[in-house]
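[1] Fold the following for me, if possible:
(one chain, ligands or ions: 1)
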Amino acid sequence: MRKPVLIGNWKMNGSLQANQALIVRLLPQLRMFRKFMDLAVCPPLPYLFQVRDLLGYTGIALGAQNASAFVSGAYTGEVSATMLQEMGCRYVLVGHSERRTLYGETNQDVAARFRAVMSVGLTPVLCVGESLEEREADQTSTVVANQLQAVIDEVGLLSLAKGVVAYEPVWAIGTGRTATPEQVSMVHQEIRSFVGRDASEASQDISEGLRIIYGGSVKPENAFDLFSLSDVDGGLIGGASLHSEGFGAIAGALAEASGFLTDECETN
Ligand code: PEP
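    Residues are numbered from 1 along each chain as shown. Below you'll find the model as predicted:
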């Protein structure tokens, strides 16, 4: 059984004061769910220290929004995976569509970043997904397969599965436009089949164990329907993760969709 995972991506939002208020309100909302799922928040880099201290030993993990492919050196503006590990991060997003589209990260760059994150023992969250033009041109499967293949070429299938894959259709991120459960289900199944395509027992096991989460305008109102899909193992949440009650409600939807009873959660 795959453990559900829910990650909040704060993007470039927050301040010392706002982060403190958000975490203080978020902790009681998430407390009852933490036994049933892996929970994490990814604040902007300057706030990692603050948020790490606020999270303390709550079991809610710290994540970062990107990492350099390099260990150290003359890479102004970049941050290495080792530095993130030292700051207490457990997860690192790689290949978020905003990085790919706004900052030109290619599939190969993303694969190198994935490797760097893995190599220091952190969990990379590999974001994949197609643009609207690509979907309309019927290229979704090819685009996603190429994004996955670049990482498989770099680190191998086994290492890919030690990370988490986040399917995030670019047209659904921050737009309020959510993919339908049918669209999500189809791509998640395709990802799982792609990973298990050589039909050997080992690759079937890897494919079965791979956690594939969905991201793109997930809100409390649509979370249950998306998380109930059999190949969806959780969510990567942008805008809605900035609101404690909304993020708490999304965690509740994930717990319920994963078969945990509300009263079971409440006693924990
Ligand atoms: C994201 O940034 O990964 C994301 C899914 O954003 P939003 O939930 O706001 O669409």
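
[2] How about residues contacting the helix or strand where residue 144 lies?
    Assigned by DSSP states H and E, residue 144 belongs to helix 140-155. Under the criterion C-beta atoms under 8 Å, 6 or more residues apart in numbering, residues 95, 107-108, 110-112, 114-115, 118, 126, 128-131, 134, 160, 165, 167, 169, 187, 190-191, 194-195 lie in contact with helix 140-155. All C-beta spots, glycine's among them, are computed from the backbone N, C-alpha and C.

[3] mean confidence score for the helix or strand encompassing residue 28?
    In the assignment (DSSP H and E), residue 28 maps to helix 16-30. Averaged over helix 16-30, pLDDT sits at 97.

[4] do the same with stretch 249-258
    Mean predicted confidence for stretch 249-258 is 97.

[5] Is any residue of that stretch near the ligand?
    No - Stretch 249-258 does not reach the ligand (C-beta under 6 Å from any ligand atom); its nearest approach is 9.6 Å.

[6] Which elements pack onto whatever helix or strand comes next after the helix holding residue 144?
    Next in sequence after helix 140-155, counting helices and strands by DSSP H and E, comes helix 157-160. Applying 3 or more C-beta pairs under 8 Å, 6 or more residues apart in numbering; DSSP states H and E, we find helix 157-160 packed against helix 107-119, helix 140-155, helix 201-209.

[7] would you turn those into TSV with mean pLDDT?
    TSV is the format used below for the helices and strands packed on helix 157-160 (pLDDT from 0 to 100):
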stretch	mean pLDDT
helix 107-119	98
helix 140-155	98
helix 201-209	91
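
[8] on that earlier part again, same for the helix holding residue 28, what does it pack against?
    Judged by 3+ C-beta pairs under 8 Å, 6+ apart, helix 16-30 is in contact with strand 38-42, helix 48-55, helix 244-257.

[9] State the number of residues packed around the residue of the stretch 101-250 of the chain found nearest the ligand.
    Residue nearest to the ligand within the stretch 101-250 of the chain: residue 238 (2.1 Å; C-beta to the nearest ligand atom). By other C-beta atoms under 10 Å, 23 other residues sit near residue 238.

[10] Residue 174 is in contact with that one, correct?
    Yes - at 5.9 Å, residue 238 counts as touching residue 174 under the criterion of C-beta atoms under 8 Å.

[11] Mutual contacts of these two, please.
    residue 217.

[12] Identify the bridge partners of the residue in the stretch 1-150 of the chain positioned nearest to the ligand.
    When scored by C-beta to the nearest ligand atom, the stretch 1-150 of the chain has residue 9 as its residue closest to the ligand, at 4.3 Å. Counting by DSSP bridges, residue 9 is bridged to residue 42.

[13] Run through the chain and note the low-pLDDT ranges.
    For the chain, applying pLDDT under 70 flags the ranges 261-268.

[14] In a helix, residue 235, correct?
    No - counting by DSSP: H, G, I helix; E, B strand; the rest coil, residue 235 is not part of a helix but strand.

[15] and the helices and strands packed on helix 157-160 as a markdown table, adding distance to the ligand and mean neighbour count?
    Converted to a markdown table, the helices and strands packed on helix 157-160 look like this (distance: least, C-beta to the nearest ligand atom, whole Å; neighbours: other C-beta atoms under 10 Å):
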| stretch | distance to the ligand | mean neighbour count |
| --- | --- | --- |
| helix 107-119 | 14 | 21 |
| helix 140-155 | 15 | 18 |
| helix 201-209 | 23 | 14 |
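
[16] Now render the helices and strands packed on helix 16-30 as JSON lines, adding mean neighbour count.
    As requested, those are exported to JSON lines (neighbours: other C-beta atoms under 10 Å):
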{"stretch": "strand 38-42", "mean neighbour count": "24"}
{"stretch": "helix 48-55", "mean neighbour count": "17"}
{"stretch": "helix 244-257", "mean neighbour count": "21"}
